[in-house]
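**Q** Curious how this folds, go ahead:
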Amino acid sequence: MTGYKPTYRIMGDRALLVELGDEISPSVNQDVRGLFLHLGHHSLHGIIEIIPGYRSLLIIYDPLQITLSTLRKAIDDLHKTKETTHLPESKSVKIPIVYGGKYGPDLEWVAEFHEISTKEVIQLHTGSSYQVYMIGFIPGFPYMGELPETLNTPRKKTPRTSVPSGSVGIAQKQTGIYPAQSPGGWQIIGRTPLKLFDPVKSPPTLLEMGDEVTFFSIKEEEMTHWEA
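**A** Numbering: from 1, shown residues only. Okay, the predicted model is just below:
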């Protein structure tokens with residue numbers, strides 16, 4: 001617990017933003033995850049959807065079934081009681097990556113930007129463990145952090161109109177994986193053969209909020225094996 005009292009922001013006539021901190025950090029994100037799980041377990045009548053972020057929760061509700069004051073009181077009560085509740089164990093996931101070449105077109109640029117070798121970029125990226133802070137942007141896209149300080153890299157000045165599925169990118173202190181082909185402005189340093197989103201599975205996402213992720217390097221010829 002960070003000891004931060006929830007701050008509420010009204011987002012239209014049927015949405016409430018609950019802020020649990022004023023910074024991006026593992027402890028704040030743990031509070032967000034805890035409240036998200038508690039709200040899900042208690043199934044408050046009138047809540048339609050709960051969308052967790054880095055440091056906040058967006059709650060979509062039906063004002064004809066639950067009033068704003070009732071919702072706020074319920075959140076306050078849950079936030080107090082979750083201090084004594086243990087969160088479920090996060091899972092650890094190891095993800096294979098083919099770095100550079102056609103799979104990581106920005107790897108050399110990142111190396112030049114930091115005045116290090118491409119090998120050192122790979123070592124830095126694979127040498128850390130990353131927490132999944134949230135899933136967003138497109139279904140299954142994990143926002144993970146934090147990158148080593150020496151790998152803090154700006155986004156591309158002009159985003160790509162199409163980034164292939166499985167592409168691994170970095171931007172500022174974050175790293176992430178594109179689960180489907182989409183536009184994107186992150187620096188692409190590699191690609192994973194793993195499928196991050198499958199709507200017929202339960203859960204449909206390979207990664208979930210709170211998971212711990214590590215990357216390891218594989219060769220291009222191993223892609224087919226991992227895809228199978």
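**Q** Is Arg9 in contact with Ala15, as I believe?
**A** No: the pair Arg9 / Ala15 is not scored as a contact, 9.4 Å apart, by CB atoms under 8 Å. (Each C-beta comes from the backbone N, C-alpha and C, glycine too.)
**Q** more neighbours, those two?
**A** Taking other CB atoms under 10 Å, Arg9 and Ala15 do not tie; Ala15 has more neighbours (16 against 11).
**Q** If we ignore the residues flanking it in sequence, what's nearest that one?
**A** If you skip the residues right next to it in sequence, Ala15 has Ile60 as its closest partner in space, 5.2 Å away by CB to CB, 6 or more residues apart in numbering.
**Q** remind me, longest strand of the protein?
**A** In the chain, taking DSSP state E as the definition, the longest strand is strand 92-99.
**Q** is it true that the residue nearest to Ala15 touches Ile51?
**A** Yes: between Ile60 and Ile51 there is a contact at 7.4 Å, judged by CB under 8 Å.
**Q** can you count the residues close to Glu120?
**A** The burial metric for Glu120, expressed as a neighbour count using other CB under 10 Å, is 15.
**Q** Give me the three-state assignment for it.
**A** Of the three states, Glu120 takes helix according to DSSP: H, G, I helix; E, B strand; the rest coil.
**Q** Just give the closest residue to it, not the sequence neighbours.
**A** What sits nearest to Glu120 in space, not counting adjacent residues and going by CB to CB, 6+ apart, is Ala111, at 7.2 Å.
**Q** Could you tell me how many residues sit around that neighbour?
**A** Residues near Ala111, counting by other CB under 10 Å, number 18.
**Q** quick one: common contacting residues for Arg9 and Ala15?
**A** Overlap of the contact sets of Arg9 and Ala15 (by CB atoms under 8 Å, 6 or more residues apart in numbering) is empty.
**Q** Touching, Ser90 and Glu212? I think so.
**A** Yes: under the criterion of CB under 8 Å, Ser90 lies in contact with Glu212, with a separation of 5.7 Å.
**Q** what's the offset of the biggest helix by length in the chain from the middle of its chain?
**A** With DSSP state H setting the assignment, residue counts place helix 26-42 as the longest helix in the chain. Using CA atoms, centre = their mean, to the nearest Å, the distance from the centre of helix 26-42 to the centre of the chain it belongs to is 14 Å.
**Q** tell me what it is packed against?
**A** Packed against helix 26-42 by the contact rule (3 or more CB pairs under 8 Å, 6 or more residues apart in numbering; DSSP states H and E) you find strand 47-52, strand 56-61, helix 68-81, strand 130-135.
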